[in-house]
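[1] Please work out how this folds:
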Amino acid sequence: MLYLNRINNLRLKMKEMNVCAMYVSSPENVYYLSGFTGFGDGRLLITFLHAWIITDSRYTLQVAEQCPDYMLISGSAVNISTIESVLKEENIKIGQLAAKAILKRNCKLNPSFGRLSSD
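    Residues are numbered from 1 along each chain as shown. Below is the predicted model:
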C-alpha cells in the first residue's frame, strides 16, 4: 500500500506537469517508488494506468515479492527497444533522441516535482 500511494502521488504530479510517462532509473528512486532492492538492476516505467518494473530474469521472484503493484518486464532495463515497445503499446510517442537521452540520464526525481510522498 505504501508504494501504491507513492505511485499515485507521482501520477498526480505527472498530470500537473502534463507528463504521460515517467522512466525511473536511479536505484534510490526505484527503491522509493517500488521497494525493489536489486540496486542498479531495475528500472521503472510508470504511466497513468500502468506501472512496470524492467529487470532481467534473475529477479523474477524478488520482483513478485517486493513489487506487487508492478508488472514485470523481463529483459534489459537499458535496452531502448524494450522501453519503446511498451510506450508503443500505450500509444505514447517519444522521439528516438529523447528516448536515448532518458536512458543515458541516471538522475534523481526532478526537483520541480517537489515532495512526492506524504506517507
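
[2] tell me the pLDDT at the closest residue to residue 40 other than its chain neighbours?
    Leaving aside its chain neighbours, residue 40 sits nearest to residue 27 (5.2 Å; criterion: CB to CB, 6 or more residues apart in numbering). To be clear about C-beta, it is placed using only N, CA and C from the backbone, and glycine gets the same treatment. Looking at residue 27, its pLDDT stands at 90.

[3] And residue 94, by the same measure?
    For residue 94, the pLDDT comes out at 61.

[4] burial count for residue 18?
    Summarising burial for residue 18: neighbours were counted as other CB atoms under 10 Å, giving 6.

[5] At the geometric centre of this structure, which residue sits there?
    residue 44 (2.1 Å; CA atoms, centre = their mean).

[6] Any idea what that one is bridged to?
    For residue 44, the beta-bridge partners under DSSP bridges are residue 24, residue 53.

[7] show me what contacts it?
    22, 23, 24, 29, 30, 33, 34, 51, 52, 53, 54, 70 (CB atoms under 8 Å, 6 or more residues apart in numbering).
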